[in-house]
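Peer 1: got a structure for you, letters missing:
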């Protein structure tokens, strides 16, 4: 058995559920009756076969609606591995640091290409950090306070999953000086990120090795799964950039969140319209069960 979840807070209508059932029937998926998770916001349509055909039939068929298709078994996940920049927070921290140095366009262009998979992540990070050499270390705290905003739904997602017994890990290709406080604000159990090197109160233009990149994110997913004795089907990974692809493809539910095209095309599930609470609906968790921070 499989489930297609339709998520469009405030705009989802009964007619959308009926139309989804019709599309699934036409695709040979043998749908059952739809069930509201939250009136006007999210609904499940169970079906019996052909999940790939179901995705093709539903994705893009409903305006401003996110669609998640997955097996019904082990739908509620026991592990969350999440990216930070542009996923759990609204900005790319290195781009914002660059703004204080007066070189944001130059660094942001490299960031964009790296997140699209056009540049190798580790080399691109080294190149960007090198451009920040000489920046006053105090700017990091200033940037954190002035520029970093938690993504809508992040706190509710993490705290709800933790309350249900899940392990939550923030794994960032960004920097510990941002990831540690962000993880604490949101409520993550752990945070892993890169360490900027500082000497005499200024950035050296170097980052400690090895760099936390795609391989580290995947290794974290696998190690945490083994630690908890979890099958892949019990895991959730979410991110937006090319360095998130490996963990997204390996997780039981891998989600591209407002993601770059290379990630959106490869991920089994996408959230293009809603906030991070869409990942709670995707797990069948109703609004009344959320832990709101």
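Peer 2: Cool, got the structure. Fair warning: this is a prediction, and the values are worked out from it, not measured in the lab.
Peer 1: Show me the strands in the stretch 51-200 of the chain, by range?
Peer 2: 66-71, 79-82, 167-175, 190-194, 196-199 (DSSP state E, counting those that start in this stretch).
Peer 1: Pick the most deeply packed of those strands.
Peer 2: Mean neighbour count, computed with mean count of other CB atoms under 10 Å, is highest for strand 79-82 among these, reaching a mean of 27. (C-beta placed from N, C-alpha, C; glycine too.)
Peer 1: Adjacent strands (with direction) for that strand?
Peer 2: Partners of strand 79-82 in the sheet, by DSSP bridges, are strand 167-175 (parallel), strand 235-239 (parallel).
Peer 1: List the buried residues of the last one.
Peer 2: It refers to strand 235-239. By neighbour count on 16 or more other CB atoms under 10 Å, the buried set for strand 235-239 is 235-239.
Peer 1: Reformat the residues you listed as a markdown table; add distance to residue 142.
Peer 2: Rendered in a markdown table, the data for the buried residues of strand 235-239 read as follows (distance: CB to CB, whole Å):
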| residue | distance to residue 142 |
| --- | --- |
| 235 | 36 |
| 236 | 33 |
| 237 | 32 |
| 238 | 28 |
| 239 | 27 |
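Peer 1: With respect to residue 178, which of the residues you listed is nearest?
Peer 2: Nearest to residue 178 among the buried residues of strand 235-239, counting by CB to CB, is residue 239 at 15.8 Å.
Peer 1: gap between the closest one and residue 84?
Peer 2: 9 Å (CB to CB, to the nearest Å).
Peer 1: before we move on, what about residue 179?
Peer 2: Residue 179 is 6 Å from residue 84, by CB to CB.
Peer 1: which neighbours do those two share?
Peer 2: Counting by CB atoms under 8 Å, 6 or more residues apart in numbering, the shared contacts of residue 179 and residue 84 are 170, 172, 193.
Peer 1: give the contact list for the residue minimising distance to the centre of the chain.
Peer 2: Among the residues of the chain, residue 238 comes closest to the average C-alpha position under CA atoms, centre = their mean, at 2.7 Å. With contact set as CB under 8 Å, 6+ apart, residue 238 has these partners: 80-83, 87, 244, 248, 254-257, 276, 279.
Peer 1: any chance of those residues in CSV, plus pLDDT?
Peer 2: As requested, the contacts of residue 238 are arranged in CSV below (pLDDT from 0 to 100):
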residue, pLDDT
80, 98
81, 98
82, 98
83, 98
87, 98
244, 97
248, 98
254, 98
255, 98
256, 98
257, 98
276, 98
279, 98
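Peer 1: Please convert the buried members of those residues into ChimeraX selection syntax.
Peer 2: To isolate the buried ones among these in ChimeraX, judged by 16+ other CB under 10 Å, type:
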select :80,81,82,83,87,244,248,254,255,256,257,276,279
